[in-house]
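*Asks:* Okay, structure incoming, though there's no sequence with it:
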């Protein structure tokens, strides 16, 4: 191996998650910050968590409600038309 081309290795590198969980491991980076880790990830915890920063879930729910209302109105109009 060539000398002086490899990054420095830190045995006690700290990985800090947004949830506050800190993990120590070996890495070439001494301190890292991550958004999600095994302590807060829904796959590992079994808890379902919805991250909705732009309101997309609410917008989707409104669209589905509007579509369902439109279908029931159209169906009611068809039924009343057939009765005449």
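*Replies:* Received, thanks. This one's a predicted model, so the numbers in the text were calculated from it and none came from an experiment. Numbering: from 1, shown residues only.

*Asks:* any weak-confidence spans in this structure?
*Replies:* Residues of the chain that meet the criterion pLDDT under 70 lie in 49-53, 83-84.

*Asks:* now the strands for it?
*Replies:* Ranges of strands within the chain are 10-17, 22-27, 31-34, based on DSSP state E.

*Asks:* quick one: contacts of the first one?
*Replies:* Applying CB atoms under 8 Å, 6 or more residues apart in numbering, the contact partners of strand 10-17 are 22-37, 39-40. In this view, the C-beta of every residue, glycine as well, is placed from N, C-alpha and C.

*Asks:* if we can go back for a sec, of the strands of the chain, flag the one that's most buried.
*Replies:* Among the strands of the chain, ranked by average contacts under mean count of other CB atoms under 10 Å, first place goes to strand 10-17 (a mean of 14).

*Asks:* how far does that one sit from the chain's center?
*Replies:* 24 Å (CA atoms, centre = their mean, to the nearest Å).

*Asks:* Please work out the angle formed by the directions of that strand and strand 22-27.
*Replies:* For strand 10-17 against strand 22-27, the angle by axes from the mean of the first three to the mean of the last three CA atoms, to 10 degrees is 140 degrees.

*Asks:* Turn the strands of the chain into TSV, columns for distance to residue 47.
*Replies:* Shown next, in TSV, are these (distance: least, CB to CB, whole Å):
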stretch	distance to residue 47
strand 10-17	15
strand 22-27	19
strand 31-34	18
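
*Asks:* Now find how far off-centre stretch 18-28 is within its chain.
*Replies:* Using CA atoms, centre = their mean, the offset of stretch 18-28 from its chain centre is 20 Å.

*Asks:* how long is it from one end to the other?
*Replies:* 21 Å (CA to CA, to the nearest Å).

*Asks:* Start the count at 11 instead of 1 going forward.
*Replies:* From this message on, residue numbering opens at 11, which makes the last subject stretch 28-38.
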